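Visitor: Build the 3D model from these lines:
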Amino acid sequence: MIRHSVLEKTATAVRARIVFPVAAPPMFDGVVHIEGGRVVQVSPKPPAGVPLTDLGDVALFPGMVNAHTHLDLSDRKKRLGKPGTPMSDWVRMVINERTTPKKKLNAVNSGAMQSIRQGVTTLADIATYDPLELPTINGGPRSLRFHEVIGFSQARAPSAHSGLVKKLKRSKAEGAPKLDGAPMEGVAPHAPYTVSPPLLRNLVNSAAEWDVPVAFHLAESKEELDFLMTGAGGFQEILEERSMWDPWAVPRGSVPLDYLRILTRAPKALVIHGNYLERKELAFLARHRDSMSLVYCPRTHNFFQHDPYPLEIALSLGVRVALGTDSLASNPDLSVLNEMRIAAARHPRVPAEAILEMGTLAAAHAMGLGHLVGALSPGRYADMTAVPIPDGIPDIHTDILTAVLRDATPPCQTWLGGETVDGD
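Guide: Sure, this is the predicted structure:
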């Protein structure tokens, strides 16, 4: 189990060589004053009469926020398939993997512990398991769990939708978790090749009715775009194999923008991957940035050897972009910091501060939790992670952040609500 240190829930303070609040400018010799598990202030002077811990030569960040993961695949020892595997072939491999409900729950627990060790304090998990059956993970990340829904054919759509509604009703009846009133569950229509537009529309409407967010894989591969346009290819074959194919479910000539328009009805919509969104589709996301966000998973993107990610274009248009790790089936670990590092290396024209925000505050806003986590500012939870600063870096905040993103050292300490946690 994840362990908490025994710290008082009263007042404490933590000092670091540099603090990156994200929602405010970096501060050298910054002190984070914490009371009741929340940030009181970040200042250059420690509060009088409050115990102070000096962390030394580290950069102190908000706890990392993972906007997309599949924790039920966290028991894997290596990635599935080979780099460049066609997406439909990889999906077939995932489908053919054998597991049990107990193994899934154990994998989720393992993924939670791995996440905390990597400095991730909040995450968005796609749940193919029953979240209400999960044992309490003391000190685990704050988890927003999206109920995954699959039902491509018109025949299966009604039962898929009613099944989702039953889960939401059951969660409410049994006390679905909330974070200061913010929902910690959501709806995850899987993808265009597993959820038809009519079903997606009904699921989004239900999400709006229950005021919960939506996560949807979209424009992940060229195969998906071909499937939308022609109704043929590897995904059609998978549906045929599983008796789910319906030639009338998706109109020929469909494009990702058709699905984005449906997603605008959700209170919050996380557009997962978006590797092949066109400029007009990115512009559409930008116009709806208050409710819609794009989630980029850099190392999974690299694993499948997709075309270069349109990150610079998306940011220039004003799209809110968050970072996710996807799963251990396509990624070596669940570290958002490592996703930042790959993103920084692949997109050198994107400022380091923007990369940091993608893995903290932007991801929190994408999940509807930006007022609670993702930054070190008064009133937010004191979720933090400390990362050693490489030797010889001068006191220039851009140099320090760049050096941390070019390094490979993992976080050395993490706090959840002002309490130190580890993943052992």
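
Visitor: Let me know the distance separating the residue lying closest to Leu132 once chain neighbours are set aside from Leu123.
Guide: Of all residues not flanking Leu132 in the chain, Glu174 sits nearest, at 6.0 Å (C-beta to C-beta, 6 or more residues apart in numbering). For the C-beta atoms, the positions are set from N, CA and C on the backbone; glycine is no exception. According to C-beta to C-beta, to the nearest Å, Glu174 stands 22 Å off from Leu123.

Visitor: So for those two, which residue has more residues nearby?
Guide: Between Glu174 and Leu123, Leu123 has the larger neighbour count (other C-beta atoms under 10 Å), namely 28 against 8.

Visitor: Would you agree the more buried one is in contact with Leu144?
Guide: Yes: between Leu123 and Leu144 there is a contact under C-beta atoms under 8 Å: 7.2 Å.

Visitor: Could you give the number of residues near Cys84?
Guide: Wrong residue type there; residue 84 is Gly, not Cys. Gly84: 10 neighbours (other C-beta under 10 Å).

Visitor: ok so it is a helix residue?
Guide: No: assessed with DSSP: H, G, I helix; E, B strand; the rest coil, Gly84 is coil; it does not lie in a helix.

Visitor: Surely it touches Phe304?
Guide: Yes: counting by C-beta under 8 Å, Gly84 touches Phe304, with 6.7 Å between them.

Visitor: The closest residue to Gly84 other than its chain neighbours and Asp226, how far apart?
Guide: If the residues on either side of it in the chain are set aside, Gly84 comes closest to Gln305, at 4.2 Å by C-beta to C-beta, 6+ apart. Noted for Gln305: a distance of 17 Å to Asp226, by C-beta to C-beta.

Visitor: buried sites along stretch 366-377?
Guide: Ala366, Met367, Gly368, Leu369, Gly370, Leu372, Val373, Gly374, Ala375, Leu376, Ser377 (16 or more other C-beta atoms under 10 Å).

Visitor: Run the chain-centre distance for it.
Guide: Centroid separation between stretch 366-377 and its chain, computed with C-alpha atoms, centre = their mean, to the nearest Å, is 13 Å.

Visitor: Repeat that for stretch 297-311.
Guide: Relative to the chain's own centre, stretch 297-311 is displaced by 16 Å; criterion: C-alpha atoms, centre = their mean.

Visitor: Could you tell me which residues within that stretch count as buried?
Guide: By 16+ other C-beta under 10 Å, the buried positions in stretch 297-311 come out as Cys297, Pro298, Arg299, Thr300, His301, Phe303, Phe304, His306, Tyr309, Pro310, Leu311.

Visitor: now do stretch 379-397
Guide: In stretch 379-397, counting by 16+ other C-beta under 10 Å, buried: Arg380, Tyr381, Ala382, Asp383, Met384, Thr385, Ala386, Val387, Pro388, Ile389, Ile393, His397.

Visitor: What's the per-residue pLDDT of the nearest residue to the third one once chain neighbours are set aside here?
Guide: The shortest distance from Ala382 to any residue that is not its chain neighbour, by C-beta to C-beta, 6+ apart, is 3.9 Å, and that residue is Gly418. Note for Gly418: predicted pLDDT of 96.

Visitor: what's the spacing between Gly418 and Gly274?
Guide: Separation of Gly418 from Gly274 (C-beta to C-beta) stands at 35 Å.

Visitor: And Ser171, by the same measure?
Guide: 28 Å.

Visitor: So those two - more neighbours on which side?
Guide: Set Ser171 next to Gly274 and count neighbours by other C-beta under 10 Å: Gly274 wins out with 25 against 21.

Visitor: The more buried one and Leu294 touch, don't they?
Guide: Yes: the criterion here is C-beta under 8 Å, and Gly274 meets it with Leu294 at 4.9 Å.
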